[in-house]
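Student: just the structure for this:
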Amino acid sequence: MVLDKIKVEILGAESMGVRSMCCRVTTPDVSFLLDPGCALGPRKGHEIPHPAEYKRLHEITNQLVASAKDCTRLFISHYHHDHYKPRLLDETYIHSNDQMTKDLYGGKEIYLKSQKQHIGRHQESRCRYFMQSVSRLATVLHDADFHRFTFGNTTVDFSHPVPHGEPGTKLGYVIMARFSHGNEHFVYAPDLQGPVVEDTAKFITGTAVDVAFVGGPPLYLEGSLAKFPYDVAATLAGKIHEKAPVLVMDHHCCRDREKYEAFVEAVKKGSNAPRGHSIVSAAVYMEQKPAFLESERGNLYEQEPPSPAFRAWMDLEPGQRNKVPPPLNP
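Tutor: This next block holds a predicted model:
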C-alpha cells in the first residue's frame, strides 16, 4: 500500500455508477468527508437514467449519509449538485430532501469554497442558499480557500480557487485539498477536467504526493467541445502520473468508458512515469468491479427494459416526478 497512516475510502464516482467524487479521508488525528454528494445526469437520447443507475444512486447516498454519522468534518469543493446534497426535493437526478440535509450537516464543521471570491454568479447563489440552509444545523462554517488547518500531526491545506476546467470557463471555480501526515500525502483535486491549467497542476505536483484523486477531462463531450484542450489535459495528467505513485482518475472522464480507457493509455505512453506508478479508476482503487453505468445507459435500456411502473414514472410531469422516488422493484 502506498498509504499507511492516511486511509482514503472513495464512496462514489462514475466508475462506481454515479456522478460523484465523494470520499472519506482518515488519519490518526482527524477524519473528513469530502464532497458528500452524488447525482445522475441526462444523456442525449436517454435523458432519464436507467433503474440500475437509480439503485446505485440510492445505495451510495445511503453510504455517504451513514459515513457522515461518525465524521464531524465535511469539505465542499464547489457547488455542483454531484458534490453536495442541496436542500431540494429532487428524485430525478439528485435524490435529495430536507431530512437528508439534517442528517448530513447537523452538528458538523463544514469547510467550504468561499462565496467571497472567484466563484461565479451561479455557484455564488447556490453557496448563499446552502449556507442559509445549514447555518442552524452546522456547528461552524469555515471559508477554506487558501487556508491550512492542523489537527495533531495532520495538516490539511486547501488550495486557492482554480478554474473548473479551462481558464474563463463559465462553470466557476473549485478548491483542492492536500492531506499530509508524516511523510504521507494525499491530494484531492475534483473537477479540474484534466487538469488543463499549469498553475492548477502545480498544487498536485509541486510537493510530494503519494495518491492523487483527480477529476479528468469531459471526454464524453468531445463532439460538442471541439475547442477544449484535451491535449493539454493529457500532458498535465502525464506530469501527475510521473509524480504520484497512484493517480486515481475518474469523474467526467468516466462518462464514456471506451474514451476513458483510450485516454489513460495515451497518458501512460506519453509520460515518463517510473515503473510501478499506476493510473486507476475509483472503482479499481477500491478493489470493486467497475460499473460505468452512465456510459452504458443505452445498452442497459435495451438489455434490461424498465418495468411498466418505472415507465409510468418517467412519463410524469417533471415537477411531479421530482417529488416521487422511482419505482425500482421488478
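
Student: when you work out contacts or count neighbours from here on, use the C-alpha atoms and nothing else.
Tutor: Noted.

Student: so where is the stretch 151-300 of the chain shaky, pLDDT-wise?
Tutor: Low-confidence segments of the stretch 151-300 of the chain (pLDDT under 70): none present.

Student: which parts of it are strands?
Tutor: With DSSP state E, counting those that start in this stretch as the criterion, the stretch 151-300 of the chain has strands at 154-158, 162-163, 173-174, 177-181, 184-189, 211-215, 246-250, 278-280.

Student: tell me the contacts of N329?
Tutor: Residues counted as contacts of N329 (CA atoms under 8 Å, 6 or more residues apart in numbering): none.

Student: using CSV, lay out the strands of the stretch 151-300 of the chain together with mean neighbour count.
Tutor: Shown next, in CSV, are the strands of the stretch 151-300 of the chain (neighbours: other CA atoms under 10 Å):
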stretch, mean neighbour count
strand 154-158, 21
strand 162-163, 22
strand 173-174, 26
strand 177-181, 22
strand 184-189, 23
strand 211-215, 25
strand 246-250, 26
strand 278-280, 19
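
Student: mind putting the ones you listed in JSON lines, distance to A66 included?
Tutor: Listed next are the strands of the stretch 151-300 of the chain as JSON lines, based on distance: least, CA to CA, whole Å:
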{"stretch": "strand 154-158", "distance to A66": "23"}
{"stretch": "strand 162-163", "distance to A66": "31"}
{"stretch": "strand 173-174", "distance to A66": "26"}
{"stretch": "strand 177-181", "distance to A66": "23"}
{"stretch": "strand 184-189", "distance to A66": "21"}
{"stretch": "strand 211-215", "distance to A66": "22"}
{"stretch": "strand 246-250", "distance to A66": "23"}
{"stretch": "strand 278-280", "distance to A66": "26"}
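
Student: so which of those gets nearest M314?
Tutor: Nearest to M314, of all these, is strand 246-250, at 28.7 Å by CA to CA.

Student: other SSEs contacting that closest one?
Tutor: strand 211-215, strand 278-280, helix 282-285 (3 or more CA pairs under 8 Å, 6 or more residues apart in numbering; DSSP states H and E).

Student: go again using 7 Å as the cut-off
Tutor: When contacts are defined as 3 or more CA pairs under 7 Å, 6 or more residues apart in numbering; DSSP states H and E, strand 246-250 sits against strand 211-215, strand 278-280.

Student: and the first one, which strands flank it?
Tutor: According to DSSP bridges, the neighbouring strands of strand 211-215, each with its direction, are strand 184-189 (parallel), strand 246-250 (parallel).

Student: looking at those strands, which is nearest to K268?
Tutor: strand 246-250 (11.0 Å).

Student: I am finished for the moment; much appreciated.
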